[in-house]
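J.: Sequence plus predicted model, see below.
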Amino acid sequence: MSLSDSLISFRNSFISPRFVQNSAGQFFSSGHTNNWAVLVCTSRFWFNYRHVANTLSVYRSVKRLGIPDSHIVLMLADDMACNHRNPKPATVFSHKNMELNVYGDDVEVDYRGYEVTVENFLRVLTGRLPPSTPRSKRLLSDDRSNILIYLTGHGGNGFLKFQDSEEISNVELADAFEQMWQKRRYNELLFIIDTCQGASMYERFYSPNIMALASSQVGEDSLSHQPDLAIGVHLMDRYTFYLLEFLEDIHPSSKTNMNDLFKVCPRSLCVSTPGHRTDLFLRNPESVLITDFFGSVRKVEITTEPKFSIHQSYSDSDP
Amino acid sequence: MGLLSDPNRRQALINLLTRLNAPICGMPVDWLVKTMQARGLEVFTQSFSRTLPFPDENTERYVVKGTNVYGILRAPRAPRTEALVLSAPCTPGDNNNQAVGLLLGLAHYFRNQVYWAKDIIFLVNEHDLIGMQAWLEGYHHTNVTGMDWSPLQGRGGSIQAALSLELSSDVVTSLDIVLEGLNGQLPNLDLANLFYAFCQKIGVLCTIQGKLQRSDWDSASGYNHAVQTMMLMVMKQASGRPWGDHGLFLRYHIEAATVKGVNSFRHYKTDATTIGRLLEGMYRKLNNLLERLHQSYFFYLLPSLSHFVSIGYYMPAFGLLAVILLLRALDLWVQLSAQPSRTEDGVAGTEQSNPGVLSVLTPLVISHLTGAALYMLPVRFQEVAVEHFPVSETEAVVLTAIAVYTAGLALPHNTHRYPDMGWRVLKLVALLYLAVLLGCTAVINFSLGFILALTLVPAAAYVTPHVPKALSAFFLVALSPACTLLFSVFFFQELQEMPVSFQDGWLLYLSVIAQGMLDHYLYGSLVFPLVALLVYPCWLLFWNILFWK
């Protein structure tokens, strides 16, 4: 055995098991293997068109970036597309002059109308659903799932209104997330809320690995963006409108990180001050990609030449 | 995007309107049915007839017969649970042709839209209020006024809001909104706000009480203008008549207003398409509503279209007037309970010290019988009067009423065993009676209650048997309900900038009395029975006190 051969074999034996492990570690650098999204619109009635449009815009982005319908739980409290007052039936627009129809052809609503209740929402999060619930209505996440939770509707200081008849408080939500953590139902969680005084909803979180964004601080109202004169209602809320614009630029391989997301909709555009909370999150937000939550990205390395070859190492070690 | 942006449709509407310039009303039922059906509405008719208690001076006949025609535009995708009404009264002559034409044009346009969540009922009613009353009674299966109507074949859901159109001429320069309804009821203020908002948006001049609002609020003349507008509204509300076809909807808790097109000879004229766009906008807004209008005030007074006085501001003024009566009553009560200690001697013994309430029963009964006579005699004895005097039935009724009213002044006044204390007890009872009466009236119809309070409270508080008789008698008569009405008629004409001479004013006064009685028999207005059966007897009690011996 020559010195070079021995050096090569030494190098190969040194690299091969740990290299694989390190590569595997890089492969799963964010720690997650699957993505889920729970998108909830909590208000009904025609004049709350914009909340449904908000939710559908996020749904559209999330689907475009790769999360399949089987991994999205979409809850819409009212039907805007087929509402009697909709002058363009079967559409929900997010931009005025009907530029973008976020309803599309393949929307799959899992919880619709009166099924969107606080109880159902909490059961979805915690997984305590009756055995007869179909798979499409369940959040079947595990401890390697990154979950995006988006809520929109009418809210106040410490609560979010569901359907004009009930509310969920920030304490309940924090406890639900703690249940999820203890049952190992998520790896990392991104919580986005677009309501008035939205920041109050994430004040009480205490479980690890949660990052939260809100469209307005306590005491501020989240404002709507633009009315469409033909449809006669406001189409979107400001925060989600600019969020949608931001997400339209994201593609599955983009490296944009969370710090850019925090900058979406500054006060000059949103009138309210968006807020965020990262203290419970273990990783540095700069190292968190948008696609870690909004997309379902598999890390693929294209090998052009073999980095190491098993046959070579075996042949080298053979004296 | 709005009405008639399509030039073809605009032309069709103009053709329709010019064709309607020829007088059609006198109710072309068949033509209306055919035209509405051609526009894709479900058309039905309702015939009605009403025997008037006495012939109206306008119509000079006892029986009014007519037909209402209405077409229902069904909402394409919605369940048929709610409806909106657009109506145009069709009076004989060519008074309201433009409105009917606009209604048909709007029906045609609305039919092609998909965003209707409520049925829209296009109603053309004959004989104004009588036809409207018949239709509403038929729609809601009630029979308040004893009218005879055929049942409605077709129906929408529960009516959420209604608008009535009156376009009195081809050329319209401004739009007026009329809010006062039967018994002084008003629609929700949001309906007036809606109208005003759309007028601003479309750029049409809008008025209330026929007056344009001014921008100089701080100046004295601006304030004066606002006060005049508000006084007009107070007078109209106090009369208790429905000042437009919308007035009858309010009883069924349907928010309604009348939009009148007025030609005030300005340079800038509005065309039918603009009015159509305004109505289209209002109907679309009403369509998008999920609940009945209830967020804004139901009790208000409008000094202009953009300012209002809410009930919280004007009720205390009435409250202060009512307190005068209560204080007076309290004073009398104290005097009465202080009496027993004084009467120690002779004839004026313990019997006199406490006359008791029963002693006032006689004057009470007599004055109420007079009131009942005032209520019942004029209409019942109109034939007898016509036989014996050369007057028409309407005049007979009115003059009988005035005669009974005046006869009440000459009633025998009691001479009692209790000359001194008896009148105190009567006055106490009368004051409390008046206070309760005015309070209840103000709650139902604030303006009526306030005007009655303004005139009756000073007289009631002041009058005793010891004041100078002739002067107080004159004042008491001058402040009685009948004279208040007379002055109000002149004042109303002044406010509308159409002052009348004394002759014309007197004739107008007689016609107002006749109209008031007709309103009661036809639509259930409460002013006439209130005044005849309650206010007049109360006033007679004070007359009685004045002439107490």
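T.: Everything's here; your move.
J.: number of nearby residues for residue A:183?
T.: For residue A:183, the neighbour count with other Cβ atoms under 10 Å in any protein chain shown is 14. To be clear about C-beta, it is placed using only N, CA and C from the backbone, and glycine gets the same treatment.
J.: so where is the chain shaky, pLDDT-wise?
T.: Picked chain A for this. Along chain A, the model assigns pLDDT under 70 to residues A:1-2, A:4-30, A:298-301, A:307-319.
J.: not what I meant, chain B
T.: If you take pLDDT under 70 as the line, chain B has these spans: B:1-27, B:56-60, B:92-95, B:340-357, B:412-420.
J.: All the strands of it, residue numbers only.
T.: With DSSP state E as the definition, chain B shows strands at residue ranges B:42-51, B:63-73, B:82-90, B:119-126, B:148-149, B:158-167, B:174-178, B:206-208, B:255-262, B:300-304, B:307-310.
J.: Is chain B within reach of stretch A:230-240?
T.: Yes - part of stretch A:230-240 sits close enough to chain B to count as contact by Cβ under 8 Å from any Cβ of the partner chain, namely A:230, A:232-233.
J.: Adding distance to residue A:268 and mean neighbour count, write the strands of chain B out as a markdown table.
T.: What follows is the strands of chain B, written out as a markdown table (distance: least, Cβ to Cβ, whole Å; neighbours: other Cβ atoms under 10 Å in any protein chain shown):
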| stretch | distance to residue A:268 | mean neighbour count |
| --- | --- | --- |
| strand B:42-51 | 54 | 18 |
| strand B:63-73 | 47 | 22 |
| strand B:82-90 | 42 | 25 |
| strand B:119-126 | 44 | 25 |
| strand B:148-149 | 64 | 16 |
| strand B:158-167 | 41 | 24 |
| strand B:174-178 | 41 | 22 |
| strand B:206-208 | 38 | 21 |
| strand B:255-262 | 42 | 24 |
| strand B:300-304 | 38 | 21 |
| strand B:307-310 | 36 | 15 |
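J.: Minimum distance to chain A: which of these has it?
T.: strand B:82-90 (10.2 Å; Cβ to the nearest Cβ).
J.: Now do that closest one: which elements does it pack against?
T.: Contact analysis of strand B:82-90 by 3 or more Cβ pairs under 8 Å, 6 or more residues apart in numbering or on different chains; DSSP states H and E lists helix B:97-111, strand B:119-126, helix B:128-140, strand B:158-167, helix B:272-288 as its packing neighbours.
J.: Export the strands of chain B to TSV and append columns for distance to residue A:140.
T.: Formatted as TSV, the strands of chain B follow (distance: least, Cβ to Cβ, whole Å):
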stretch	distance to residue A:140
strand B:42-51	52
strand B:63-73	49
strand B:82-90	43
strand B:119-126	46
strand B:148-149	65
strand B:158-167	46
strand B:174-178	60
strand B:206-208	61
strand B:255-262	51
strand B:300-304	58
strand B:307-310	57
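J.: What parts of chain B come near chain A?
T.: Proximity of chain B to chain A is confined to B:1, B:75, B:77-78, B:113-117, B:284, B:287-288, B:290 under the rule Cβ under 8 Å from any Cβ.
J.: By neighbour count, sort out the buried ones in the residues you listed.
T.: Among the residues of chain B next to chain A, the ones that count as buried by 16 or more other Cβ atoms under 10 Å in any protein chain shown are B:75, B:78, B:115-117, B:284, B:287-288.
J.: Now the two most distant members of those.
T.: Checked with Cβ to Cβ, those reach their widest spread between B:78 and B:284, with 14.1 Å between them.
J.: Of all the residues in the helix or strand harbouring residue A:39, which ones are buried?
T.: Under the criterion of DSSP states H and E, residue A:39 resides in strand A:34-41. Within strand A:34-41, the residues scored as buried using 16+ other Cβ under 10 Å are A:34-41.
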